[in-house]
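Engineer: Dropping a prediction and its sequence here:
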2 protein chains.
Amino acid sequence: MFDRIAIIGMGLIGSSIARNVREKGLAKTLVAGDLSEDVCHAVVELDLADYVTRDLARAVEGADLVILAVPVGAMAAAMRGIAPGLKDNVIISDTGSVKMAVIEAVRPYLRAGMEFIPAHPIAGTEFSGPESGFAKLFQGRWCILTPMPETEIRAVEKLTQFWEACGSMIEIMEPAHHDLVLGITSHLPHLIAYTIVGTATELEEDTKSEVIKFSASGFRDFTRIAASDPVMWRDVFLNNKVAVLEILQRFTEDLTALQKAIRQGDGDYLYQTFDKTRAIRKAIVDQGQA
Amino acid sequence: MFDRIAIIGMGLIGSSIARNVREKGLAKTLVAGDLSEDVCHAVVELDLADYVTRDLARAVEGADLVILAVPVGAMAAAMRGIAPGLKDNVIISDTGSVKMAVIEAVRPYLRAGMEFIPAHPIAGTEFSGPESGFAKLFQGRWCILTPMPETEIRAVEKLTQFWEACGSMIEIMEPAHHDLVLGITSHLPHLIAYTIVGTATELEEDTKSEVIKFSASGFRDFTRIAASDPVMWRDVFLNNKVAVLEILQRFTEDLTALQKAIRQGDGDYLYQTFDKTRAIRKAIVDQGQA
C-alpha cells in the first residue's frame, strides 16, 4: 500500500499500528522513531519495525506516510523534529485525541506538496507502552479523519484504505466538531473518573481499603478509566480547554440539580432523570457498540 | 438448610436468590411473593418457586427465612405486608443497597424471637425483572451483613452459610459504615453516571447521535451504569442522603480544582492528579476484583 511508513511514537497506539503494518503487509519498509531509548529497545526486542531510531528526522527520510502517535502536547516538538527529514510529497497524519490543537501545532511546518490529514482512531486501553499494543486494537472501531479544505482527495482515500486495512470504520468530520463530540464522549468521562478515584485516594486508610475491596459496585469501572496514561490526558485537557470547560459547565449544572433533589427528597425528579438515560444505552446496544 | 424460605420481591436479585435455592436445594419449600401480577406470572412460567402469591402475609406463613428483595423505599410497606403472616422464630433479612434506612423501616414490625439481619449482596447488572436473574450472580461477590447488637449469633451464622452457598464471600460491618463505604463505591458513581448521560440526552439531535456512535471512548461505560433500575436508585438516594451529600461535596471540590487547573493551563496539577489514581486501580487488580 505504501513503500515506506514511519511511525513516530511507539506507545500503545503507535505499536498497534506497527503490528498491523507488519501483519497485513501495508508497507515495504516500516521505520519506528521514538525519543525514548527504553521504548526503542523494546521495539527492537518485539521486532515491530525494520528500522528503529531516536533521530526523528532520519526516521521519516523517504517515507510516503508518516504517522505521529505521540501525546497531543508533544505534537509540535515531534513535527519540528521530523521536518528536516520529510520528503516533499509525503502524507502526514496523527492519532491525537484532540484535532484543533494538533492542526495548529503541525501546520507551521508543512511545505508545498505535503498532505496533512489529522486522524483519531477511537480505540485504546488503560495500558501504555509498546508491549501493550496489539493488532486487533482498531478492529470494528471508528477512526475519525478531519482533513483540511485544501487536502488532496486521493490522499484522504489512501489514508482511509490504510485505516480500513487496520480494521477501522472511517468517519469524516470537521475538526472543531470532533473536539466537541469527543469532549462529551471521552474527555469529560475521563475527567470525572479521574476526579472520583482521586476523591477516594484522599479517604482515611481504613475506608480506602474497603473502597478497594467493595469496588465491584460501580467504582471499579471508574478506576479502569482513571488508570489511563496521565501524560496523554494532561495534554488532552490542556489542548481541548474550550470544549471541555463548556461541557463541564453543563454537567455541573445537571449535577447540582440532582444534588438539590436529593437534599429536598424530590423522588419524582430523581426518577425522571434516572429513567430517561436508559434510551441512550438502548441506542448504543442497538448500534452494536455496547 | 431451611425448611421454608420466602422471597418477597422477585426482580433481578430476588429471582437470582430463588435460582440458587432451587439449584442448590437450600430449602424444602420456596415461596415467592410479589405485588405485581406480571412478575408473579413470569415467576410461574420460569418455575422459580413452589408457591407464588401476591398476598405477602400468606407468602411468609411458616417460613424460617424471609428475604425482602424490594427497592429500599418499599421495605416499610413490604414489612407491614408480611408482618401478620410471620411466625415467631423467623430469620428476616433483606438485600437493600442502604442499611440504616432499612433498619429504621423494618424495626417497628419486629416481635420478640424474630431475628432481623440486614444484608447487602454487592452484585447486580443493569437489567431488571425475574427474567434477568441468574444463579451465578453472587459467585465470588461480597455480601455485607450488618447484624444488630442484639442479634442471635447462630442466626448470623445460618445466614452466612446461606449466602456462602449462593457463592458469596461474607463481610460483617456496622450499618452506618456500610452506608458511607457504599456511598463512595456505588451510590456516587451511579449518580455521576446518571448525570453525565443525562447531560448528553439534552444535546441537540445531531450531536446526540454522534455521541451514541462514538460512545466507545469512555462514555459507553457510563451508559451501562446509567441504565440501572430507576426506582431502585431513586430510593437509594432518598435513603442515604447524608452520606451521599457528604461524599458529593468532596467530589465537587475536587472537580472544581481540576476545572480551575484546566482553565489556568496548570499541567503539573493535572499530571499529578491523573498519576496518583493509578495506585487504586493496581490495588483492585491485585485483589482480583478487576
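Structural biologist: Now that the structure is in, tell me what you want to look at. Numbering: from 1, shown residues only, chains lettered A, B, ... in the order given.
Engineer: can you give me the strands for the stretch 101-250 of chain A?
Structural biologist: Residue ranges of the strands in the stretch 101-250 of chain A, as given by DSSP state E, counting those that start in this stretch, are A:115-117, A:119-121, A:142-145, A:169-172.
Engineer: Tell me the strands beside the first one, with direction?
Structural biologist: The one in question is strand A:115-117. Paired strands of strand A:115-117, with direction, are strand A:91-94 (parallel) (DSSP bridges).
Engineer: for the last one, same thing?
Structural biologist: Strands adjacent to strand A:169-172 in the sheet, as given by DSSP bridges, are strand A:142-145 (parallel).
Engineer: Flag every residue of the stretch 51-200 of chain A that's near chain B.
Structural biologist: A:73, A:122-124, A:126, A:141-142, A:144, A:171, A:180-182, A:184-200 (Cβ under 8 Å from any Cβ of the partner chain). Placement of C-beta: from N, CA and C, glycine included.
Engineer: and if we set it to 7 Å?
Structural biologist: A:122, A:141-142, A:181-182, A:184-186, A:188-192, A:194-200 (Cβ under 7 Å from any Cβ of the partner chain).
Engineer: Could you list the low-pLDDT ranges of the stretch 151-290 of chain A?
Structural biologist: Scanning the stretch 151-290 of chain A for pLDDT under 70 picks out no residues.
Engineer: returning to that earlier point: which one of the strands of the stretch 101-250 of chain A lies closest to residue B:224?
Structural biologist: strand A:142-145 (18.9 Å; Cβ to Cβ).
Engineer: neighbouring contacts of the closest one?
Structural biologist: Strand A:142-145 has contacts (Cβ atoms under 7 Å, 6 or more residues apart in numbering or on different chains) with A:117, A:119-122, A:156, A:159-160, A:163, A:168-173, A:178, B:214.
Engineer: ok so, going back, out of the residues of the stretch 51-200 of chain A next to chain B, list just those in helices.
Structural biologist: Judged by DSSP state H, these include A:181-182, A:188-192, A:194-200 as members of helices.
Engineer: what's the closest of the residues you listed to residue A:230?
Structural biologist: residue A:194 (8.7 Å).
Engineer: could you list every residue that touches that closest one?
Structural biologist: Going by Cβ under 7 Å, 6+ apart, the list of residues near residue A:194 reads A:226, B:273-274, B:277.
Engineer: Repeat that for residue A:106.
Structural biologist: With contact taken as Cβ under 7 Å, 6+ apart, residue A:106 is in contact with A:75, A:79, A:116.
Engineer: now, among these, which is nearest to residue A:269?
Structural biologist: Distances from residue A:269 to the contacts of residue A:106, taken by Cβ to Cβ, are shortest for residue A:75, at 44.2 Å.
Engineer: My guess is the closest one contacts residue A:102. True?
Structural biologist: Yes - at 5.1 Å, residue A:75 counts as touching residue A:102 under the criterion of Cβ atoms under 7 Å.
Engineer: shared neighbours, those two?
Structural biologist: Counting by Cβ under 7 Å, 6+ apart, the contacts common to residue A:75 and residue A:102 are A:94, A:96.
Engineer: just to revisit the earlier point, need the contacts of residue A:106 in a markdown table with neighbour count, pLDDT and distance to residue B:24, can you?
Structural biologist: Formatted as a markdown table, the contacts of residue A:106 follow (neighbours: other Cβ atoms under 10 Å in any protein chain shown; pLDDT from 0 to 100; distance: Cβ to Cβ, whole Å):
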| residue | neighbour count | pLDDT | distance to residue B:24 |
| --- | --- | --- | --- |
| A:75 | 25 | 97 | 58 |
| A:79 | 25 | 97 | 64 |
| A:116 | 23 | 97 | 63 |
